[in-house]
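Visitor: predicted model, plus sequence, below.
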Amino acid sequence: MAARSTRHGSGVAAHLAHRHNPHDVGRCPVARPRRGTLTARTPCNHERARCGISPHTFDARCVVATVFVAVGGAHWSAPAAHEGGVVPYINRPGGVRLHAEVTGRSDAPVVLLIQGLGTDKNGWVLQRFGMATRYRTIAFDNRGSGRSTTPTEPFTLEDMADDAAAVLEHFGVSSAHIVGASMGGAISQILAVKHARLVRSLTLVCTACRNKPWRNELLRHWADTANVRGMREWANDSARWLIGPRSFRRLAPALSWLGPFATYRPSKGFTAQVDAIVSTDDSMVAELSSITAPTLVVVGNQDILTPRADSEEIAERIAHAELVVISGAAHGLMVEHASTFNPIVFDFIDRSEFEQRQAASPAIASA
C-alpha cells in the first residue's frame, strides 16, 4: 500500500505540507472517531489519583518526564525494586546484555513494557508509579538504549522482539500483558506474531505496522544529525515531532537547558536502532491477522510521527482490536497525557486478565 503522503509528493516536507500545523493549536482539528473508536479527553484530579498519580504532583512529574524523554532518556535510572535485590542483566547471542528492572507484587499479573527509539525504560516512569500497586511490571532497555549494550553487528526489529521474549523467559514468565510504544509497538507486533504464547494481551501505543518513505527519510535525517552534530542537536530537532504544541511552548526553555544531558548518550546505539527500523520490510503486515490476543491500539490525534491512520490500519488488521484516540495528544502521550492514558491501559489490562481467567476457570463465572 502506498504511503498517503506520496500522493502529494514524497519526503518529510510533502508530508507536513498537507497536514495541519502541529504547533498551531488554534488550527488543530479534532479527528472524528470512526465507528468503534473511543475518543478520550483529559480527566479531572480524582481520576488522576485513581491511575496512581497524585493531582498535587502530577504537573511537576509530567513536565520533568516529558523533558526527560524528549532529551533522550539518558543514563539516569530511577530506583526500583529488583527480585532478589539484584539488578539483572540478560545475556543474549552476539554479546548483547539487556538491563531489566522488576517492580510490583510478585503474585500479580505481569506487564512487559517495551520502549521506543532512543528511549530507555525510564520513559515509562509515569506508568510504573501506578502499575507498582497492581501488577508485576518488567521494564527493560532495548539493545542500543540505556544500560543495555549495542552489538557490533547490525540487528533487526525481529532480533529485538526475540530480546523481549528472552526477558520474559529469564524471569520465568509464561505469558504477559505487552505494552509497546512507537518502535516498541512495532517490536510488540512482531512478538505477538512470533511468540504468541507469551502474549496475554497487547497494547500498541503511537505506532505503525509499516514503513513509509517520508518517515524513513526523517529517521535517516535524525541518525545523520546524531552522528554528525551530536545527540543534543538530535534532541532539539526531534522535540517538535515528539511532544504536542502546548507542551512544546511550556517546555521550550527546559529543553534548551537540559539539552546538554543528551550529549552523554552515544549515537551508536541510536543509529543502530534507526537502521533496524528502516531495514524492516512490510512482510509482517499480512501476519497481523494471526494475532488472537486482546489488543488495544492508542494514538493521539495530534501525533504527526505515527498519525492516526497508522493506528487505524493496525486496528483493522487485528481481529476485535480496540482503538482509542486521545484528544489533544501527540506522540509522547504516555508522559504528556499520562492521566488520560494510564486508566485506559490499566482498565484494558484488568479486563483482559479477568476475561481470560474467567474463560480458564468456569467456576469463576458461576461463583
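Guide: Thanks, I have it. Residues are numbered from 1 along each chain as shown.

Visitor: for the stretch 51-200 of the chain, give me the ranges with low pLDDT.
Guide: Residue ranges of the stretch 51-200 of the chain with pLDDT under 70: 51-87.

Visitor: need the helices for it, in chain order.
Guide: For the stretch 51-200 of the chain, the helices defined by DSSP state H, counting those that start in this stretch occupy 55-70, 125-131, 157-170, 183-194.

Visitor: for E353, which non-adjacent residue is spatially closest?
Guide: Distances taken as CB to CB, 6 or more residues apart in numbering place P109 nearest to E353, at 4.9 Å, with adjacent residues excluded. Any C-beta I mention is one placed from the backbone N, CA and C, and that applies to glycine too.

Visitor: from I138, how far off is that neighbour?
Guide: 11 Å (CB to CB, to the nearest Å).

Visitor: and for the two, which residues touch both?
Guide: Common contacts of P109 and I138 (CB atoms under 8 Å, 6 or more residues apart in numbering): A176.

Visitor: higher neighbour count, those two?
Guide: Neighbour totals were compared for P109 and I138, and I138 leads with 25 against 22 (other CB atoms under 10 Å).

Visitor: distance of the more buried one from A319?
Guide: Here the distance between I138 and A319 works out to 27 Å (CB to CB).

Visitor: now stretch 288-298: average pLDDT?
Guide: Mean pLDDT, stretch 288-298: 98.

Visitor: repeat that for stretch 271-285.
Guide: The average pLDDT within stretch 271-285 is 96.

Visitor: in it, what counts as buried?
Guide: T271, A272, Q273, V274, D275, A276, I277, T280, M284, V285 (16 or more other CB atoms under 10 Å).

Visitor: for the residue lying closest to V278 once chain neighbours are set aside, grab phi and psi.
Guide: Setting aside the residues directly before and after it, V278 is nearest to N216 in space (CB to CB, 6+ apart), at 4.7 Å. Main-chain dihedrals, N216, degrees, to the nearest 10: phi -60, psi -40.

Visitor: from A181, how far out is N216?
Guide: Taking CB to CB, one finds N216 at 19 Å from A181.

Visitor: ok, now V199?
Guide: Shown here: V199 relative to A181, a distance of 16 Å by CB to CB.

Visitor: can you check I304 too?
Guide: 16 Å.

Visitor: more neighbours, those two?
Guide: Neighbour totals were compared for I304 and A181, and A181 leads with 30 against 19 (other CB under 10 Å).

Visitor: how about that one, what does it touch?
Guide: Contacts of A181 by CB under 8 Å, 6+ apart are I114, Q115, G116, G123, V205, C206, T207, M334.

Visitor: helices or strands up against whichever strand or helix holds R232?
Guide: Per DSSP states H and E, R232 falls inside helix 231-242. Here helix 231-242 touches helix 55-70, helix 213-229, helix 245-258, helix 267-278, going by 3 or more CB pairs under 8 Å, 6 or more residues apart in numbering; DSSP states H and E.

Visitor: just the mean pLDDT for whichever helix in the chain runs longest, thanks.
Guide: In the chain, taking DSSP state H as the definition, the longest helix is helix 338-360. For helix 338-360, mean pLDDT is 95.

Visitor: would you mark the buried spots in it?
Guide: 338-346, 348-349, 352-353, 356.

Visitor: any idea how far the closest residue to E158 other than its chain neighbours is from C209?
Guide: In space, and not counting its chain neighbours, E158 is closest to I190: 5.7 Å by CB to CB, 6+ apart. Here the distance between I190 and C209 works out to 10 Å (CB to CB).

Visitor: residues touching T306, list them.
Guide: T306 touches S182, C206, T207, A208, R215, V299, H331, counting by CB under 8 Å, 6+ apart.

Visitor: what's the farthest-apart pair in these?
Guide: Largest separation among the contacts of T306 by CB to CB: R215 and V299, giving 14.7 Å.

Visitor: returning to that earlier point: which residues are in contact with each of I190 and C209?
Guide: Here I190 and C209 share the contacting residues M284, scored by CB under 8 Å, 6+ apart.

Visitor: out of the buried residues of stretch 271-285, the closest to F129 would be?
Guide: Of the buried residues of stretch 271-285, the one sitting nearest to F129 (CB to CB) turns out to be Q273, at 26.3 Å.

Visitor: host element of R210?
Guide: Using DSSP H and E, no helix or strand contains R210.

Visitor: can you give me the end-to-end span of stretch 278-285?
Guide: 15 Å (CA to CA, to the nearest Å).

Visitor: in stretch 316-325, what counts as buried?
Guide: Across stretch 316-325, burial judged by 16+ other CB under 10 Å covers E316, R317, I318, A321, E322, L323, V324, V325.
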